[in-house]
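Chemist: sequence first, then the predicted structure:
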Amino acid sequence: MVAEGLLGELIDAFSDLPGIGRKSAERLAYHVLKIPRSEAMRISDAIRRVKDDLRRCAECQDISEEEICVICSDDARDRSSICVVEQPKDLRAIEESGSYLGLYHVLGASFSPLEERGPEQITLHKLIERSESDDVVEIILATNPDFEGDGTALLVTEALSTTGVSITRLARGLPAGGQIEYMNRSILRDAVQGRSRFESVTGEE
């Protein structure tokens, strides 16, 4: 039986979300129906506040509650490097790794002419402006290791060619604990081409 009316509208709304099929949308809708009103209103209010109160950071273009995000306003961050990512979720992943203490720049999309996403759809002009600062020494390209990510990295590199900053890209290769026989060709190619000098870890001076 197909739900109609208000319940049907809620199911339709959930099914419009990415990765949510009709069955999952129905489960979510019935869950909302049976939980206390206060809990449902908490979810509703959280959605409203996200839409009303979040904005793009004026510097890095990440999602922020303030005009300047907490990372850009942190004086302890290394301001000589900017890590360029495609989406805010990529920034979150790098931050959670604890491996980087510099600044970021969120492009907002990848460069994909086939899907009509050109330079005007990404925040390239702002990145160029930031790169011309005397403080910035290195731009780290952290775009996805796929066709669109490679195209985006090339576009950014060409756009920054006159700024004089050093442009690097995240290393690619074999994951720790992985076995070579199970790696696909692109991973093995990147590992071979990106090989580095082997450093002994025996503790010998």
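Modeler: Thanks, I have it.

Chemist: okay, and for the protein, where does confidence drop off?
Modeler: Residues of the chain that meet the criterion pLDDT under 70 lie in 1-3, 180, 196, 198-205.

Chemist: one more time with 80, if that's ok
Modeler: For the chain, the stretches with pLDDT under 80 are 1-4, 113-119, 174-183, 187, 190-205.

Chemist: other SSEs contacting the lengthiest strand in the chain?
Modeler: Across the chain, the longest stretch assigned as strand under DSSP state E is strand 78-85. Helices and strands in packing contact with strand 78-85 are listed as helix 88-97, strand 102-106, helix 124-131, strand 138-141; criterion 3 or more Cβ pairs under 8 Å, 6 or more residues apart in numbering; DSSP states H and E. Glycine gets a C-beta too; all of them are placed from N, C-alpha and C.

Chemist: what strands line up against it, and which way round?
Modeler: Each strand that strand 78-85 pairs with, and the sense of that pairing, follows from DSSP bridges: strand 102-106 (parallel), strand 138-141 (parallel).

Chemist: distance between it and the chain's centre?
Modeler: 14 Å (Cα atoms, centre = their mean, to the nearest Å).

Chemist: next one: the residue nearest the centre of the chain from R27, what distance?
Modeler: Nearest to the centroid of the C-alpha atoms of the chain, with distances taken as Cα atoms, centre = their mean, sits D90, at 2.4 Å. Shown here: D90 relative to R27, a distance of 29 Å by Cβ to Cβ, to the nearest Å.
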